[in-house]
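Q: Sequence first, predicted model second:
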Amino acid sequence: MRNPRPKNLDLFTIKFPLPAIVSLMHRISGACLFILIPVIIWGFSESLTVSGFEKLQDWSGMLTVKLIFWLFFIPFFYHLVAGIRHLLSDIHIGDTLKAGRITAMLAIIISLLLIVAAGIWIW
């Protein structure tokens, strides 16, 4: 049977609601964190030796390294806050349409505040 409905497969022309954008960004931040695992493990293994720890301390004073550390915190904080939002909706807290919009906006605001606080803390 043929379905005569129009189909729009161009994702760039679809206007997604805010909760869908927050959910999509949660998946993207999780993928970024997965990609960063080798870097984090390398930094941890370097910090376990005295010479490696001193080397990391020397690097931590450089502006570019501080920027890289801050860029690592961006997907972490966003994924943390959006993940808490998803866990709350799994137990039916904020799973209505209106509450979903509010919690999506709160997730973005809280993430931005944590990212800015991390930047202040690093510098």
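A: Structure received.
Q: Okay, now the unreliable bits of this structure?
A: 1 (pLDDT under 70).
Q: Could I get the full set of helices for it?
A: For the chain, applying DSSP state H gives helices covering 18-47, 50-59, 63-90, 97-122.
Q: for these, which one sits closest to Pro6?
A: Across these, Pro6 has its closest neighbour in helix 18-47 (20.5 Å, Cβ to Cβ). From N, CA and C alone the C-beta is placed, and that goes for glycine too.
Q: Summarise which helices and strands the closest one is packed against.
A: helix 50-59, helix 63-90, helix 97-122 (3 or more Cβ pairs under 8 Å, 6 or more residues apart in numbering; DSSP states H and E).
Q: Not counting its neighbours along the chain, what's nearest Gly83?
A: His26 (6.7 Å; Cβ to Cβ, 6 or more residues apart in numbering).
Q: Which among the helices of the chain is found nearest to Lys7?
A: helix 18-47 (18.5 Å).
Q: Which positions within the closest one qualify as buried?
A: Buried residues in helix 18-47, defined by neighbour count with 16 or more other Cβ atoms under 10 Å: 19, 22-23, 25-26, 29, 32-33.
Q: quick one, that helix and helix 97-122 angle?
A: Counting by axes from the mean of the first three to the mean of the last three Cα atoms, to 10 degrees, helix 18-47 points 30 degrees away from the direction of helix 97-122.
Q: just to revisit the earlier point, I'd say the residue nearest to Gly83 and Phe77 touch.
A: No. Between His26 and Phe77 there is no contact under Cβ atoms under 8 Å: 11.8 Å.
Q: Ignoring the adjacent residues along the chain, who's closest to Phe72?
A: Leu36 (6.2 Å).
Q: right, and the one you found touches Pro75 too?
A: Yes. At 7.4 Å, Leu36 counts as touching Pro75 under the criterion of Cβ under 8 Å.
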